[in-house]
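K.L.:
Quick one: sequence and predicted model below, then my questions.
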Amino acid sequence: MYQGGRGGPQVHGTFDADEDEALGKVYNSRVIKRLPKYLGPVKLWVALGAGGMMVRTLAALALPYLVGIATDKFIQAGNLSGLNIIAVAFVGVGLLVWAGQYLETLFLSYAGQAILYRMRTEMFAHLQRLSLSFFDRSKVGKLMSRVQNDVQQVQELLTSDVLNAVTSVLTLIGIAGVMIVMDVRLALLTLTVVPVLGVVIVIWQKYARRAFIRVRRAIAMVNAQLQEGISGIRVTQSLSREEINLRQFDGINEIHQKANINAAKLQSLMMPLVEILTGVAYSLVIVFGGYQVLAGEMGPGVLIAFLLYIQRFFNPVLELTMLYTELQRAMASGSRIFELLDIEPEIKDSPQAIEMPLVKGELKLQQVSFSYQSGVEILHDIDLAIRAGETVAIVGRTGAGKSSLVNIITRFYEVDKGAVIIDGYNVRSVTQQSLRRQIGIVLQDPFLFSGSIADNIRYGHIDATYQELIEAAQIAGAHDFITHLDHGYDTLVGERGSNLSAGQRQFICLARAILANPPILILDEATSNIDTNAERLMQKSLHSLIKGRTCIIIAHRLSTITNADRIIVLEKGKIVESGSHQELLDKQGLYYHMCEAISTFTKNNMFNL
Amino acid sequence: MKILFRLMVFTGKYWVLLLLAFVCLLITTASGLAIPWILGEAIDTVASQGERSFLIWAVVVVFSATTLRGISAYGYSYLSVVVSQKTCYDIRNKLYEHLQRLSFAFHDQAQTGQLMSRATTDVEAIRMFVGRGLLGLIQMFILFIGISYILVSINWQLALLTLAFLPFVGWRAISNSRHIRPMWLKIQQLMAALGTTLEENLTGVRVVKAFSHQAEETQKFSADTTLLYNEHIRVARQMALNVPLMVFLISIPTALILWYGGQQVIAGTLTIGNLTQFILYLGMMAMPVRRLGFMTNLLSRTISAGQRIFEILNTRPMIQEKIDAIEAGILKGQINFEDVSFSYNLTTPALKNISFSVKPGELVALVGNSGSGKSTIAHLIPRFYDVKSGRITIDGIDIRDMTIASLRSNVITAQQDVFLFSATIRDNIAYGATSASKEQIIEVAKAAYLHDFIQSLPDGYNTWVGERGITLSGGEKQRLAIARTLLVNPSILILDDSTSSVDAETEYLIRRALDKLIKGRTTFIITHRLPIIKNADLILMLKEGQIIERGKHDDLLAKNGLYQQIYNSQLSVTIVSGETQEEE
């Protein structure tokens, strides 16, 4: 919007530089330390969920044990009533699993969604507090991904990931424990496969991690290429570049395919590994356990229970390897979220800030200097006094500092030196909200929100009556075309107002500013993005608009400002001339030369063959 | 079903790999089935004090079966990814190609986000299906048949008791996911709405701040988030009740096996080994049956994804090249419109019986209100749309008889809204002529008064622009577009000058660059500003799709028509404002 030229904010911040780091450390203390704050309010739910999880895990562990007991104690002994009891116990334990998992799923979802909700709204509210200089540095897409994807990742970390990890570990320990209780020697023998698995997984992780990062990059590349291919289609077809684009896309598509296949190679590797180790474990149990049963040292039920435990043993291990990557990803997301939440707004209300009452609109700039980047001063020692109700035009070349002047009056940015004073109040001594209620701005780029036209006009004055709404639209000159639309004021504005022309959008923005009825009005290149016909219409509305207000008009086209009470000429961040149109022309200074240049240019401004 | 079949055509190309994957899957399933069987036999051996040597045999079989299962599972998993990735690679390329070919008429209607989601989310759904669903469903079937056969042959009463539960579990799984699917769809919609709110807030941050709307915006966002929260909780309730229910339902047949099977063991009609086999086989079935819900969802997702993808692929580009289309070569630029009519939407005509003729190198100005049809004329010449009746010829050849590429290399439109690609400045200038040499690129940049600016950038011509690069001002972008066009060196040029968001100085530079650009080319210019086209060879004044006045500036002024009216009104504004008092 404000990318007018070299003079606008050109700061390239560090906020976007951290990208592409899809995976972080597994344990990042900076992230972990912040988490209790989010877990605190939902600790009851988490406790209930975790309790359910414990019940489920332990009950599930008991099932093979019951099978073993049933075999050795009752079936072998021919004890029918015992068998009945075991069968009932089995169903009972099954019910416990159900109950446990029910609690787990329900309460962990409650907790997770509550955290998600809180983090999202907190981030959004934080973004609302951040100053414009932050948004100059940050791209919208990146910020959106913080609020949407990163928050989701952290929520999963807090609820499912961590507890899944605990469940898996608990299951492993439980299985090992039960095995040891049942038969120490056989258990230790069977468990020898675990260290082997552990070592292999650690090595595997290293390669897999790289492969997964490559896949994520490839996906991002494909998406970017697609996005551009679709939005740039008109240029592509105009310049007949379809073939080249296709080849380019094919190249990226192929990289994507290869990265995925490569990752699949690594991921599939876990299968033979786990299978073979399962085979080893089965074999160990059959041979050694079998001999013990044959020797009469052990019942066949224990053997069966061991086999059943082995069947259940490797799933948690696989789950843990998956979780490892998830954890890394979530940590990376977490650190990005907190990095954003830690950014202090550059402009804050001072603790003693007061509510600014409705002002008359007298504006003073005293010795104001300003820069976007330290060292590159844009405005130097500006002194300017505007009377209430005066219309002042500010002109100057691109980069002279016109828009910067607006930015400091509205306190979108903070001055380096000097003071901006409205009706005797320093803008830094009042709340930002009460300050901005006094000032209406119409920007070069007419931005509308999705919703109806009426909603958009009411944006600055939500409880305006329908009558007030129509009056504002009439003053702005928007009423006629709005009533000609199919649904009048209830017409829905499309994606970025796509169903309205730039001129129509600007008229609506004008109506929006009028309805807010501010004592001070700033038009910042408000007419430069619309066609000449619309501009002529808008000039008419402006007359009624500026009546009774302090008005600051910034314009490229000098034709639009000749009626101003006073014209201020800015050059390289300084006021070089000031006076009415006629005074300035008589003075034969910079303004005169600008007009001169334009008029000679306009005179010769036709296509020459 | 027809859609699945069509999707499978993409996969069919890789049938050898698919067959191999299937063979691997068969081996996996078969060796998997062998394991519980041999384990049961081993238990019987030890329980009945059988031969020690059988245990060694059992170990050999178990070990080879698991190894075989592991290796074939690797083969299946790897091959199915290869097939699914290759299939999606083809679909994605096909989609991209098709999107590139579809005419403006299609892209006018389509939303970028929508098209994107087809090429990403929908293709992803198909990948999941090809990779896991297609063979997964077959495997589930084989597994079910295999296990049923084995269990029935061991003990049919117990087998019936066990298997009777599985259809019930499967049905629960399917009905559960049927219930949840619309909830997920709702969640997706809510997420999209949340995204829109967020994006609007961030792009419109200046407006939000100017109107001090932070509190209201936060409230709106948190209302969106609340809706999302509620829907998630609904899903959680549904899941919490049903997912554990299925686990429980699987534990009932196990209890039955223990109870009823145990009695038979005591009665001597069943062995302990058989009992173990039952329990182990049931364990093998549990997971696939529970995944039945996932599978049916996958199937319906795939069908709707396929539907959306074919919706695009089935759209025929409105602009079709004739089979015997000729290469136009370098055209001179003699353009004739012969009784051309056109309409965007079949109902309201945009152009009615337009005829005019332009000699090579002439400057034609198209003027009139928005909606009068001037842009439409500009769009018809490079054949972005086809005429409904009449014809357009260039150098005497109907443009529909030329290949599209050769026509468009002669007709370039310099759009007002300049699109920059994420690439270096050099690549952006050479966008339409990728083989241009560095010297040529510098030459056109100089002609467009862009060279000095480019030189002032730290990386010069290699400076990255677009989405991930630096932002260029409106004037710089327009001059880049001029350089881009100069490099293609078309014989016919179309300029859109209906708005201008640049200051006078920049406009002066652009105008000088344009003067160079139009020299020696047939040029059409669309403009609202009448004074700048005084020198035009032909001015066409359009109203409601018809040419109401035509001629040179002086002729039209003398005519006392609409042109004169508008010209005078524009002049009066400039005079009042003092901008060009000396104009007359």
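P.N.:
Received it, and whenever you're ready, just let me know what you need. Numbers count the residues shown, from 1 in each chain, chains lettered A, B, ... in the order given.
K.L.:
Who are the packing partners of the helix ranked longest in chain A?
P.N.:
Secondary structure of chain A read by DSSP state H shows that its longest helix is helix A:80-129. Using 3 or more C-beta pairs under 8 Å, 6 or more residues apart in numbering or on different chains; DSSP states H and E, the elements in contact with helix A:80-129 are helix A:36-39, helix A:43-69, helix A:151-156, helix A:300-341, helix B:165-203, helix B:214-256, helix B:262-267. C-beta coordinates here come from the backbone N, C-alpha and C atoms, glycine included.
K.L.:
what would these look like in JSON lines with mean neighbour count?
P.N.:
Below are these laid out as JSON lines (neighbours: other C-beta atoms under 10 Å in any protein chain shown):
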{"stretch": "helix A:36-39", "mean neighbour count": "13"}
{"stretch": "helix A:43-69", "mean neighbour count": "20"}
{"stretch": "helix A:151-156", "mean neighbour count": "22"}
{"stretch": "helix A:300-341", "mean neighbour count": "21"}
{"stretch": "helix B:165-203", "mean neighbour count": "17"}
{"stretch": "helix B:214-256", "mean neighbour count": "18"}
{"stretch": "helix B:262-267", "mean neighbour count": "19"}
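K.L.:
Pipe these into JSON lines and attach distance to A:I261 and mean pLDDT per row.
P.N.:
Listed next are the helices and strands packed on helix A:80-129 as JSON lines, based on distance: least, C-beta to C-beta, whole Å; pLDDT from 0 to 100:
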{"stretch": "helix A:36-39", "distance to A:I261": "39", "mean pLDDT": "87"}
{"stretch": "helix A:43-69", "distance to A:I261": "36", "mean pLDDT": "91"}
{"stretch": "helix A:151-156", "distance to A:I261": "26", "mean pLDDT": "85"}
{"stretch": "helix A:300-341", "distance to A:I261": "18", "mean pLDDT": "85"}
{"stretch": "helix B:165-203", "distance to A:I261": "29", "mean pLDDT": "85"}
{"stretch": "helix B:214-256", "distance to A:I261": "33", "mean pLDDT": "88"}
{"stretch": "helix B:262-267", "distance to A:I261": "50", "mean pLDDT": "89"}
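K.L.:
A:T105 is nearest to which of these?
P.N.:
Nearest to A:T105, of all the helices and strands packed on helix A:80-129, is helix B:214-256, at 3.9 Å by C-beta to C-beta.
K.L.:
returning to what we had before: which one of the helices and strands packed on helix A:80-129 lies nearest to A:I508?
P.N.:
helix B:165-203 (15.1 Å).
K.L.:
That closest one versus helix B:214-256: what angle between them?
P.N.:
170 degrees (axes from the mean of the first three to the mean of the last three C-alpha atoms, to 10 degrees).
K.L.:
Tell me which residues are up against the helix or strand that helix B:165-203 is followed by.
P.N.:
Using DSSP states H and E, the next helix or strand after helix B:165-203 towards the C-terminus is helix B:205-210. Helix B:205-210 has contacts (C-beta atoms under 8 Å, 6 or more residues apart in numbering or on different chains) with A:1-2, A:128, A:132, A:135, A:410, A:412, A:436, A:439-441, A:443, A:447, A:449, A:459, B:201, B:213-214, B:217.
K.L.:
ok, now stretch B:356-368?
P.N.:
Residues contacting stretch B:356-368 (C-beta under 8 Å, 6+ apart): A:607, A:609, B:332-337, B:374, B:377-378, B:491, B:518, B:520-528, B:530, B:533, B:535-543, B:547, B:550, B:563, B:566.
K.L.:
Pull out the buried residues from these.
P.N.:
Buried members of the contacts of stretch B:356-368, scored by 16 or more other C-beta atoms under 10 Å in any protein chain shown, are A:607, B:333-337, B:374, B:377-378, B:491, B:518, B:521-528, B:530, B:533, B:536-542, B:547, B:550, B:563, B:566.
K.L.:
so of these, which ones are in helices?
P.N.:
B:374, B:377-378, B:518, B:563, B:566.
K.L.:
Of the residues you listed, just say which sits nearest to chain A.
P.N.:
B:I518 (6.2 Å; C-beta to the nearest C-beta).
K.L.:
Give me the pLDDT value at that closest one.
P.N.:
Per-residue confidence (pLDDT) for B:I518: 83.
K.L.:
again, but for A:N499
P.N.:
The predicted local confidence for A:N499 is 70.
K.L.:
my guess is it is in a helix, correct?
P.N.:
No: read with DSSP: H, G, I helix; E, B strand; the rest coil, A:N499 is coil and lies in no helix.
K.L.:
tell me the angle of the longest helix of chain A relative to helix A:300-341?
P.N.:
Using the same axes, to 10 degrees: helix A:80-129 against helix A:300-341 is 10 degrees.
K.L.:
and after helix A:80-129, which helix or strand comes next?
P.N.:
Using DSSP H and E, the first helix or strand after helix A:80-129 is helix A:132-137.
K.L.:
Name the residues that touch stretch A:447-460?
P.N.:
A:1, A:440, A:464, A:469, A:472-473, A:478, A:482, A:485, A:487-497, A:500, A:505, A:508-509, A:511-513, A:515-516, B:196, B:200, B:203-204, B:206-207, B:211, B:213.
K.L.:
Contact partners for the nearest residue to A:Q113 once chain neighbours are set aside?
P.N.:
Of all residues not flanking A:Q113 in the chain, B:H232 sits nearest, at 4.6 Å (C-beta to C-beta, 6 or more residues apart in numbering or on different chains). Residues counted as contacts of B:H232 (C-beta under 8 Å, 6+ apart) are A:109, A:113, A:116, B:187.
K.L.:
cool, B:I425 as well?
P.N.:
So B:I425 contacts B:454, B:457, B:460-463, B:465, B:480 (C-beta under 8 Å, 6+ apart).
K.L.:
In TSV: the residues you listed, plus distance to A:I453.
P.N.:
Output for the contacts of B:I425, formatted as TSV (distance: C-beta to C-beta, whole Å):
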residue	distance to A:I453
B:I454	43
B:L457	42
B:G460	47
B:Y461	45
B:N462	46
B:T463	41
B:V465	35
B:L480	35
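K.L.:
and those residues, which are buried?
P.N.:
B:454, B:461, B:463, B:465, B:480.
K.L.:
out of those, who's nearest chain A?
P.N.:
For the buried ones among the contacts of B:I425, the nearest to chain A is B:L480 (11.4 Å; C-beta to the nearest C-beta).
K.L.:
Was I right to think the closest one contacts B:L420?
P.N.:
Yes: with contact defined as C-beta atoms under 8 Å, B:L480 counts as touching B:L420 (7.3 Å).
K.L.:
who touches both of those two?
P.N.:
B:428, B:472.
K.L.:
can you give me the helices for the stretch 401-550 of chain B?
P.N.:
B:404-408, B:425-429, B:438-447, B:451-456, B:474-488, B:504-518 (DSSP state H, counting those that start in this stretch).
K.L.:
who does the fifth one touch, helix- and strand-wise?
P.N.:
If I follow you right, that is helix B:474-488. Using 3+ C-beta pairs under 8 Å, 6+ apart, helix B:474-488 sits against strand B:411-414, helix B:425-429, helix B:438-447, helix B:504-518.
K.L.:
what does that helix contact?
P.N.:
So helix B:474-488 is contacted by A:239, B:409, B:412, B:414-416, B:418, B:420, B:425, B:428-433, B:436, B:440-441, B:444-445, B:447-450, B:453, B:472, B:493, B:501-503, B:506-507, B:509-510, B:513-514, B:516-517 (C-beta under 8 Å, 6+ apart).
K.L.:
Select only the buried ones of these in ChimeraX?
P.N.:
Those of those that count as buried under 16+ other C-beta under 10 Å are selected in ChimeraX with:
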select /A:239 /B:409,412,414,415,416,418,420,425,428,429,430,431,432,433,436,440,441,444,445,447,448,449,450,453,472,493,501,502,503,506,507,509,510,513,514,517
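K.L.:
Could you list the low-pLDDT ranges of the chain?
P.N.:
I went with chain A, as the question did not name one. Low-confidence segments of chain A (pLDDT under 70): A:1-24, A:494-498, A:528-534, A:556-560, A:598-609.
K.L.:
let's do chain B instead
P.N.:
B:416, B:467-469, B:498-505, B:570-584.
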